[in-house]
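> When you get a sec, could you give me coordinates for this:
(one chain, ligands or ions: 1)
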Amino acid sequence: MEMGKSTMFFNQAKKVIPGGVSSPVRAFGSVEDSPPFIVKAKGPYVWDCDGNQYLDFVGSWGTAILGHAPDSVIAAVQNACTNGFSFGASHPGESELAGLIIAAFPSIEKVRFVNSGTEACMTAIRLARGYTGKDKIAKFTGHYHGHSDSLLVKGGSGLLTHAVPDSVGVPKSFVEQTLTLPFNNFEALEELFKKHAKSLSAVILEPIAANCGFVRPKEGFLERLKSLCSKNDTLLIFDEVITGFRVAYGGVQNSLNIKPDLTILGKVIGGGFPLAALCGKAEIMDYLAPNGPVYQAGTLSGNPIAVAAGIKTLKTLAEMKPYKSLHSLTQFLTKELHALGNKYNIPIQVDCEGALFGYFFAPEKITSYEQLTFCDKKLFQRFFSESINQSIYLAPSLYEAGFISTCHLEEHIEKALQVFDKVLKKIS
Ligand SMILES: Cc1ncc(COP(=O)(O)O)c(C=O)c1O
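The predicted model follows:
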C-alpha cells in the first residue's frame with residue numbers, strides 16, 4: 001500500500017524531533033496508531049496533509065472554544081500584529097483581559113499572565129510556599145498540573161503517600177515535599193490535614209478532573225477541602241486550565257460557589273495562542289515580584305497578540321452566558337452515546353458540563369483515577385481507531401476529555417453519532 005503523506009512526515013519528524021512530536025500525546029502511542037499531520041483547522045474541522053477532513057472533538061486540547069480560527073479573532077490578531085509582535089513592556093490589553101477575568105470570577109482580584117499552564121502552576125506553588133512560609137504541597141492522583149518537577153509525580157501505594165517522580169530526571173529530593181491522595185476520598189483528605197496541616201502550604205486540584213477523562217467532585221468534597229484549607233492556613237488552588245470559561249463563563253468555582261485562594265487559567269483565555277494566568281486574592285498575588293518577595297518573570301508574558309486573541313474570545317463568550325446551547329449539545333452527544341452503548345451491550349459511562357465531556361468504557365461511574373483500571377482499554381483503542389478512520393477526531397487517550405466548540409452544531413453531533421453507531425456495532 002502506498003505510504004500516506006502523514007506517515008511520511010511522521011517518519012521524517014522522528015529523525016529530527018524526539019518521538020516526532022512537540023508534546024507526547026500527539027504521537028498516538030496509547031492508541032497504537034499513527035497520527036495524522038494536520039495542515040489546516042477551521043470551525044469544527046481539521047484537515048490532514050493527505051486531504052482528509054475530520055470533525056474535531058479535541059479543539060487544540062480545549063483552546064478552540066469558538067472553533068478553529070474564527071474570523072473575529074483573526075481580525076483582532078491581524079490588527080495586533082500590525083502594531084508589533086512583542087514589546088517586552090506593559091500594554092493596555094493586559095489590564096483589559098485581566099479585567100474580563102476578574103469580572104467573571106468572584107474569587108479573583110489580580111492576574112499575572114504567563115505563557116503556559118505549566119508555568120502558571122509552577123508559580124502558584126512557589127507563591128503558596130512564599131506566602132504561607134510552609135513547604136509541603138498536596139495534589140490528587142491523576143490530576144495534571146503541567147510538567148514542573150514538584151508536580152510531575154505519581155502516588156505511592158496507600159491512600160495518602162509521599163509522591164514519587166513520574167519521570168526520569170526528577171530527583172527524589174525534589175518531590176519529597178509533594179503529597180498525593182486519591183480524588184473524592186474523604187478519609188484520605190482528613191488524614192492529610194491531621195498529619196501534615198502544619199507544613200502544608202497548598203492543595204492543588206482540577207475541580208472537575210479532565211486529565212483522567214471527566215471526573216466530578218463528590219457532593220461535599222470540595223466544600224470539606226475548602227473548610228480544611230481555611231482552618232489550617234493552607235491555600236486552595238483550583239487549576240481551571242481546562243474548565244475555565246469552558247464549563248461555564250467563569251469556571252467550576254462559579255457553578256459550585258466555592259472561592260479558592262488561587263486559580264490557574266490557560267487554554268481558552270489565549271484564544272488558541274500561548275497564554276495562561278495565575279490569579280487570586282490581591283493580598284496573596286501581591287507577594288509576587290515586583291511587589292513581593294516571590295520571583296517570577298517572562299520575556300513573552302502578556303504577549304500582545306495572544307492577549308488580543310484572548311480579549312476577543314472572552315468578549316464573544318460573554319454573550320453566550322450561561323452556555324445553555326453548548327451544554328445541551330454536549331448532553332445530546334453524551335446521552336445518545338450512552339444509549340448506543342446500551343443498544344450494543346457495551347457499558348459506557350458519560351458526563352458533561354458546558355463544552356466539556358467525557359466517556360468511559362466502564363461498568364460503573366468513575367470517581368477517581370484509581371478506578372480507571374476498570375475501563376476497557378482495548379475497547380477504547382478500537383473505538384478511537386475506527387472513529388478516526390471515519391473522520392471523527394477524538395482525543396487519542398483514555399485519560400483525556402472531549403471538547404466541543406460554538407461551531408459544533410446539532411448536525412455535526414448527529415454525524416458523529418451515526419459514525420459511533422456503526423463503530424460500536426462493529427466492535428461489540
Ligand atoms: C488542568 C491542566 N493544568 C495544567 C496544564 C498544563 O498546561 P500547558 O500544557 O499549557 O503547560 C494542563 C494541560 O493540558 C491542564 O490540562
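> Ser95: neighbour count?
For Ser95, the neighbour count with other CB atoms under 10 Å is 14. All C-beta atoms are positioned from the backbone trio N, CA, C, and that covers glycine.
> Please apply the same query to the one 10 residues further on.
If you count neighbours by other CB under 10 Å, Phe105 ends up with 24.
> Over to the residue lying closest to it once chain neighbours are set aside: give its phi and psi.
Among residues not flanking Phe105 along the chain, Gly250 sits closest, at 5.4 Å (CB to CB, 6 or more residues apart in numbering). Main-chain torsions, Gly250, degrees, to the nearest 10: phi 110, psi -140.
> Gly250: how many residues sit nearby?
23.
> For it, give me its contacts.
Taking CB atoms under 8 Å, 6 or more residues apart in numbering, we find Gly250 in contact with Ala104, Phe105, Gly244.
> Pipe those into TSV and attach pLDDT and distance to the ligand per row.
Formatted as TSV, those follow (pLDDT from 0 to 100; distance: CB to the nearest ligand atom, whole Å):
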residue	pLDDT	distance to the ligand
Ala104	98	18
Phe105	98	16
Gly244	98	9
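> Assign Ala202 to helix, strand or coil.
strand (DSSP: H, G, I helix; E, B strand; the rest coil).
> wait, isn't it in contact with Ile237?
Yes - here Ala202 reaches Ile237: they are 5.3 Å apart, a contact under CB atoms under 8 Å.
> got any residues that touch both of the two?
With CB under 8 Å, 6+ apart, Ala202 and Ile237 have common neighbours Ala124, Ile125, Ala128, Asp261, Leu262.
> mind listing which of these are in helices?
Within the shared contacts of Ala202 and Ile237, residues falling in helices by DSSP state H are Ala124, Ile125, Ala128.
> Most neighbours out of the residues you listed, which is it?
Ala124 (30 neighbours).
> That residue touches Phe238, doesn't it?
No - using CB under 8 Å, Ala124 makes no contact with Phe238, being 9.9 Å away.
> Can you pull the residues that touch both of these two?
Leu262, Ile264.
> residues from the protein in reach of the ligand?
Residues of the chain found near the ligand, taking CB under 6 Å from any ligand atom as the criterion, are 61, 116-118, 121, 144-146, 206, 211, 239, 241-242, 266, 276.
> Going by distance to Cys375, which of those wins?
If you rank those by distance to Cys375 using CB to CB, Asn211 comes first, at 14.5 Å.
> show me the contacts for the closest one.
Gly142, His143, Tyr144, Ile242, Tyr399, Glu400, Ala401.
> pLDDT-wise, what's the bottom of those?
Of all the contacts of Asn211, Tyr399 carries the smallest pLDDT score, 91.
> State the number of residues packed around it.
Tyr399, neighbours per other CB under 10 Å, totals 17.
> Just the pLDDT for the residue of the stretch 201-350 of the chain found nearest the ligand.
Closest residue of the stretch 201-350 of the chain to the ligand, CB to the nearest ligand atom: Val241 (3.6 Å). Note on Val241: pLDDT of 98.
> Tell me how far it lies from Asp233.
25 Å (CB to CB, to the nearest Å).
> Compare these two and say which is more crowded by neighbours.
Using other CB under 10 Å as the criterion, Val241 and Asp233 rank with Val241 on top: 30 against 14.
> wait, that one sits on Lys267?
Yes - using CB under 8 Å, Val241 is in contact with Lys267, at 5.7 Å.
> Need the residues touching each of those two.
Gly117, Ala276.
> how about the residue of the stretch 201-350 of the chain closest to the ligand, what does it touch?
Counting by CB under 8 Å, 6+ apart, the residues that Val241 touches are Gly117, Ala120, Cys121, Glu206, Ile264, Leu265, Gly266, Lys267, Ala276.
> And for Ile258?
Contacts of Ile258 (CB under 8 Å, 6+ apart): Pro207, Leu222, Glu223, Lys226.
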